[in-house]
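Build me a model from this:
(chains A and B)
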There are 2 protein chains.
Amino acid sequence: MSSNVKIALDAMGGDNAPDIVVAGASIARKRHPNLNLCFIGNSDKIKLLIKKYKNLSNAKIIHADDVVGSETRPAQALRHGKKTSMWLAVNEVASKNADAIVSAGNTGALMAISKLQLRMINGVTRPAIAGFIPTLKGLSCMLDLGANIEVDERNLVQFGIMGASFCSAITGKNNATVGILNVGEEDQKGFDYLRRAGSSLSDETLNLNYVGFIEGSDIIIGDTDVIVTDGFTGNVALKTAEGTAKFFMHHLRRAFRSSILSRIGFLLSRSAFTKMRRTVDPRYYNGAILLGLNGICVKSHGGADSVGFSNAIEVACDLIEHEFIPKVNDSISAAEKIIQTKA
Amino acid sequence: MSSNVKIALDAMGGDNAPDIVVAGASIARKRHPNLNLCFIGNSDKIKLLIKKYKNLSNAKIIHADDVVGSETRPAQALRHGKKTSMWLAVNEVASKNADAIVSAGNTGALMAISKLQLRMINGVTRPAIAGFIPTLKGLSCMLDLGANIEVDERNLVQFGIMGASFCSAITGKNNATVGILNVGEEDQKGFDYLRRAGSSLSDETLNLNYVGFIEGSDIIIGDTDVIVTDGFTGNVALKTAEGTAKFFMHHLRRAFRSSILSRIGFLLSRSAFTKMRRTVDPRYYNGAILLGLNGICVKSHGGADSVGFSNAIEVACDLIEHEFIPKVNDSISAAEKIIQTKA
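Just a heads-up that it's a prediction; the model follows:
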């Protein structure tokens, strides 16, 4: 990581702010000692917390009087939120003082504030929230996770293009497979606009590796690197997967605690289970991007702990390092040219 | 189970028919020795298979020349399917020769054939597919699982009413909680028609225990007995949960096999894990109902084994025993009266 990379942190966003933001920043700084960090929020609280971590002694602090609440509506955050830590943190990117912003705060407000300050990439009709999920073959990127409950064909095509760029920046895959989430793999299944989006995504001139429709059960298999869907379905699917994961961890713990023999069994197989837990631990997949904006804005889960928050910072670092925004700009404008030529 | 209960089995539907249908029927008959079973399909094949199971010696067989293929479109099944095992099996219920039909065949075709022959319950605008999923607190019913990719407010209200009856017949709960799946619990989240459906479902005169919007992560917690959603979202959510379950079982097996110590650990904790596997085993939740029809039609998973298929027969038995169809008829007509009074 080069020494002039700078990330703005909304220190007050999320359930356990500012504590986990500062602790997460310290973890990230251990991995990237050159990383410049700027905390935005209640300066007294931040100063006190920073004292605990030697590697944060040179971090910058920008004071913010106010905080966006978890229940605040986006419109309200836009009207009355100009003194909030979230607004000022996004402003650091908008005014080119920082290369990325990371926040664990209210998603709707973060999208509204970022859209207003960072503006959308030329040609993008709707921004999307994109995140990674663990699969049997590694990581897959899914979008939209909840920014748009309704989408059209053009939105889905742009999600596919932007998702492939995002996937490539984070996983290093250059020929990411792209699929559309549907209720069946057959061509006649689902909505008409899904078929039309599929037909556009498979257009050779777009240079995408489009693999067709996939079902909910295919997500976790991992053959599709980028899973494109509307924000309603994506949000429900992601949260259902998270819920099912918790269900299994609950039963696993119960099974190991159910008898003395099982407890001994657990002790013997503990190292294997620690490895397994690492694979399925959502903290290591924390960090979704608000995709389609002219700047890097990473959203951490509101309930993330310091390890989770440090992973969201890691996502921001990866995107900066891979010059993500100019690349997405290029691929969107190339796609727009193709669409205009056809029209 | 009274001795005059009769179930028609589509012996040729599903990936492993007729073998698993006959084997599953034998398992069901062990639990219900009075149950009358009728196999519909290739009589030569069925006769050969039945010889293996003593408790099936008095089962009836109706020959069918043809089979509905897994790729057959519903319209095609309606036009050319009159000699198929599925058609003739549904016909047994339509002509009052049987109390229920169970099939592991093509879902779309089964819905179309059943809708035509059994007709819809008076007032029901759309039938739905409803199934059970394991949760931390037992079982929850989810619908629609894929019959209608688009729904309106009235459909969702009827799904809630029918789902509560279904849940009560299977689990014995009389005051089942009903929730609508959405991208957030707050009132302003999601689509307008979800809000309108929620407002109708909470109407006291309907006498439902409506709990509001729930999120994907809430499904598995089990506080909501009946989860109401459109067929697109429901299908994706169910399959995502199934996929995630497979992902965990895969990692669990791998963890136990990863070293000699882990293998010994597994041997020690095996009985606890056998119990856990039973809790999460999808075979024990197999059997979805096509809800809203004037007859009991249970759909088994196409890839079910004999244990899974026997569970689908069990669902049919429960519904017959609880006089499910007359009860749903009553609750739908009561709801229709309320809606008409308001209009």
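
Only C-alpha atoms from now on, for both contacts and neighbour counts.
Fine.

Pick out the residue closest to the middle of chain A.
Central residue of chain A (C-alpha atoms, centre = their mean): residue A:288, 0.7 Å from the mean position.

Setting aside sequence neighbours, what's the nearest residue to that residue?
Among residues not flanking residue A:288 along the chain, residue A:131 sits closest, at 4.3 Å (C-alpha to C-alpha, 6 or more residues apart in numbering or on different chains).

per-residue confidence averaged over the strand or helix carrying that neighbour?
In this structure, residue A:131 sits in strand A:128-135 according to DSSP states H and E. Per-residue pLDDT over strand A:128-135 has a mean of 93.

If you compare the directions of the helix or strand following it and strand A:128-135, what angle comes out?
Downstream of strand A:128-135, the next assigned helix or strand under DSSP H and E is strand A:138-143. For strand A:138-143 against strand A:128-135, the angle by axes from the mean of the first three to the mean of the last three C-alpha atoms, to 10 degrees is 160 degrees.

Off-centre distance for strand A:138-143?
Here the centre of strand A:138-143 is set off from its chain's centre by 10 Å, with C-alpha atoms, centre = their mean, to the nearest Å.

Contacts for stretch A:117-126 next, please.
Contact with stretch A:117-126 is made by A:90-91, A:93-94, A:127, A:148, A:154-155, A:158, A:292-295, A:329, A:332-333, A:336, as judged by C-alpha atoms under 8 Å, 6 or more residues apart in numbering or on different chains.

mind redoing it with 10 Å?
A:87, A:90-95, A:111, A:113-115, A:127, A:147-148, A:151-152, A:154-156, A:158-159, A:162, A:291-297, A:325-326, A:328-330, A:332-333, A:335-337 (C-alpha atoms under 10 Å, 6 or more residues apart in numbering or on different chains).

now the strands: where do they sit in chain A?
Along chain A, counting by DSSP state E, strands occupy A:6-10, A:36-41, A:60-63, A:100-103, A:128-135, A:138-143, A:177-181, A:209-214, A:226-228, A:288-291, A:296-299.

Dump the longest one to CSV, keeping only the CA atoms.
The one in question is strand A:128-135. Below are the C-alpha coordinates for strand A:128-135, written out as CSV (Å, rounded to 0.1, in the frame of the first residue of the first chain):
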residue,chain,number,x,y,z
ALA,A,128,-26.3,-0.7,-6.2
ILE,A,129,-25.0,-2.3,-3.0
ALA,A,130,-22.6,-5.1,-3.7
GLY,A,131,-21.1,-7.5,-1.2
PHE,A,132,-19.2,-10.8,-1.1
ILE,A,133,-20.5,-14.1,0.2
PRO,A,134,-18.5,-17.3,1.0
THR,A,135,-19.1,-20.2,-1.4
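
Quick check: neighbours of it in the sheet, parallel or antiparallel?
Here strand A:128-135 is paired, per DSSP bridges, with strand A:138-143 (antiparallel), strand A:288-291 (antiparallel).

So for residue A:264, which of those sits nearest?
Taking C-alpha to C-alpha, strand A:138-143 is the member of these nearest to residue A:264, at 31.1 Å.

What residues are bridge-paired with the nearest residue to residue A:171 once chain neighbours are set aside?
Ranked by C-alpha to C-alpha, 6+ apart and with sequence neighbours excluded, the top spatial neighbour of residue A:171 is residue A:139, at 7.8 Å. Under the criterion DSSP bridges, residue A:139 forms beta bridges with residue A:134.

Quickly note the distance from residue A:139 to chain B.
Residue A:139 is 13 Å from chain B, where distance means C-alpha to the nearest C-alpha, to the nearest Å.
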